[in-house]
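Asks: no sequence on this one, just coordinates:
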């Protein structure tokens, strides 16, 4: 019998150390004997990562709008687990004593389901199909970034989604949403519609609550009051949802 729902797993690997209490880890520091930067759940090298992984074929679609860090293990506040080396039999742990924290890995999860005939695509996919370009591949060699901002001022929804994906920490994502609320004008209409995609790109639930608070306290053009009310209602509903795999795995 075919499975109708699968949770895909990707491992993100880095090597480094803590210097004066600050993490100095990078995939660029991986040794030739180390695994690849990204691995599948069976620890085989993965040619894709969380930014470009696709469903296996058109009969599948993503159930979760984004990849989530597995916080239900012995991990630190960003989902990393540490070890002395990438070897079988070595114990992984969420704390990082300096003598046994030379490598770290993070497990990402995303559920997909079999597509039902006639089911509509997500709001974000619809926006991308409308003529916007939400990503552009990086050019050149070396340690180039996979996501590049389309424009400095975040004034439309695809630019906001791109900025959120490109941000390294939740603090930068909050700044991006503030800029969109300030400059979005009529594009604020899409804020409520895409709130699920926006909230899913935040790592921590506290950041989602902070985003809701900032939306409620934001100053905006009175002509956008209805759009902002819809966005606040959508954000409040999202904050009540269970976001981490550690929360939903028992449901």
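Replies: Right, received. Where do you want to start? For clarity, every value in this text was computed on a predicted model and none was experimentally measured.

Asks: where do the helices sit along the stretch 101-250 of the chain?
Replies: Counting by DSSP state H, counting those that start in this stretch, the stretch 101-250 of the chain forms helices over residues 123-129, 157-166, 170-183, 189-193, 195-200, 205-217, 225-240, 245-248, given from the N-terminal end onward.

Asks: nearest to residue 10, of the ones you listed?
Replies: Between residue 10 and the helices of the stretch 101-250 of the chain, the tightest spacing by CB to CB is seen for helix 245-248, at 12.9 Å. All C-beta atoms are positioned from the backbone trio N, CA, C, and that covers glycine.

Asks: How is the chain divided into domains?
Replies: Taking automatic domain parsing as the reference, the chain has its domains at 5-114, 123-246.

Asks: Not counting its neighbours along the chain, what's nearest residue 178?
Replies: On the basis of CB to CB, 6 or more residues apart in numbering, the spatially nearest residue to residue 178 that is not a chain neighbour turns out to be residue 214, at 6.7 Å.

Asks: Could you check the pLDDT of that neighbour?
Replies: As summarised for this prediction, residue 214 has a pLDDT of 91.

Asks: any idea how far it lies from residue 156?
Replies: Here residue 214 is placed at a distance of 20 Å from residue 156 (CB to CB, to the nearest Å).

Asks: Can you get me a residue count around the residue nearest to residue 178?
Replies: Burial measure for residue 214: 14 neighbouring residues, criterion other CB atoms under 10 Å.

Asks: give the contact list for it.
Replies: Residue 214 makes contacts with 174, 177, 178, as judged by CB atoms under 8 Å, 6 or more residues apart in numbering.

Asks: which of those tops the neighbour count?
Replies: residue 177 (23 neighbours).

Asks: follow-up on the earlier one: looking at the domains of the chain, which has the lowest confidence?
Replies: Lowest mean pLDDT of those: domain 123-246, a mean of 74.

Asks: next one: it to chain centre, how far?
Replies: Its chain's average C-alpha position is 12 Å from that of domain 123-246, according to CA atoms, centre = their mean, to the nearest Å.

Asks: Same check on stretch 56-76?
Replies: Per CA atoms, centre = their mean, the displacement of stretch 56-76 from the mean C-alpha position of its chain is 9 Å.

Asks: Distance of the closest residue in space to residue 77 that isn't next to it in sequence relative to residue 211?
Replies: Distances taken as CB to CB, 6+ apart place residue 204 nearest to residue 77, at 7.8 Å, with adjacent residues excluded. Spatial separation of residue 204 from residue 211 under the definition CB to CB is 11 Å.
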